[in-house]
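*Asks:* got a sequence here, can you model it:
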Amino acid sequence: MYPEEMVAPMKAQLTNKGFEDLNTSEKVLDALKQPGTTLLIINSVCGCAAGGARPGVLLSVEGEGKKPDHLTTAFAGFDVEAVKTAREHLAPFPPSSPSIALFKDGELVHFLERHHIEGHSPELIAENLKQAYAEFC
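*Replies:* Just a heads-up that it's a prediction; the model follows:
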């Protein structure tokens, strides 16, 4: 498990912008039961989370256009039980961190695995997500 001192600023990049911190299994289950659309980012300490996933997700929810009703995050290697529970709802996709999922009324409708994030710009990630929002939100 990663130390809190290391994880806290990476979590804060999202929670300071309105993302709910899903740090328990119960919070994950409650979030996924919510009606409407829920964006879930499985956050990570890796460089592609810092360089692509977090900035891309933040760009995707800025400005005009459709957006998810609920913004949520859990941290791989720190919120262990929460991430395990979240991954149970990401089938058939294998565990991947970082990763970004969009749920509609509790059903997974769009998913970006690590290989969709790694090596891609935040702008490209944001555009991918905005297209999903246009379709599902």
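*Asks:* OK, contacts around the residue nearest the centre of the chain?
*Replies:* Centroid-nearest residue in the chain: Ile41, 1.0 Å away (criterion: Cα atoms, centre = their mean). Contact partners of Ile41, counting by Cβ atoms under 8 Å, 6 or more residues apart in numbering, are 14, 19, 53-54, 57, 72-73, 98-101. All C-beta atoms are positioned from the backbone trio N, CA, C, and that covers glycine.
*Asks:* average pLDDT across the helix or strand hosting Ala31?
*Replies:* Taking DSSP states H and E as the definition, Ala31 sits inside helix 25-33. This predicted structure assigns helix 25-33 an average pLDDT of 97.
*Asks:* list the buried ones in that helix?
*Replies:* For helix 25-33, a neighbour-count test (16 or more other Cβ atoms under 10 Å) marks 25, 27-29, 31-32 as buried.
*Asks:* okay, and for this structure, where does confidence drop off?
*Replies:* The model of the chain has no residue with pLDDT under 70.
*Asks:* and the helices in it, which stretches?
*Replies:* Applying DSSP state H to the chain gives helices spanning 4-15, 25-33, 47-48, 54-60, 80-88, 114-117, 122-136.
*Asks:* pull out the buried positions in the last one.
*Replies:* Spelled out, it's helix 122-136. Buried residues in helix 122-136, counted by 16+ other Cβ under 10 Å: 122, 125-126, 128-130, 132-133, 136.
*Asks:* which one of those is nearest Cys48?
*Replies:* The closest of the buried residues of helix 122-136 to Cys48 turns out to be Ile125 (Cβ to Cβ; 9.8 Å).
*Asks:* nearest residue to that closest one other than its sequence neighbours?
*Replies:* Gly56 (2.9 Å; Cβ to Cβ, 6 or more residues apart in numbering).
*Asks:* try Asp21
*Replies:* In space, Asp21 is closest to Thr15, 5.2 Å off (Cβ to Cβ, 6+ apart).
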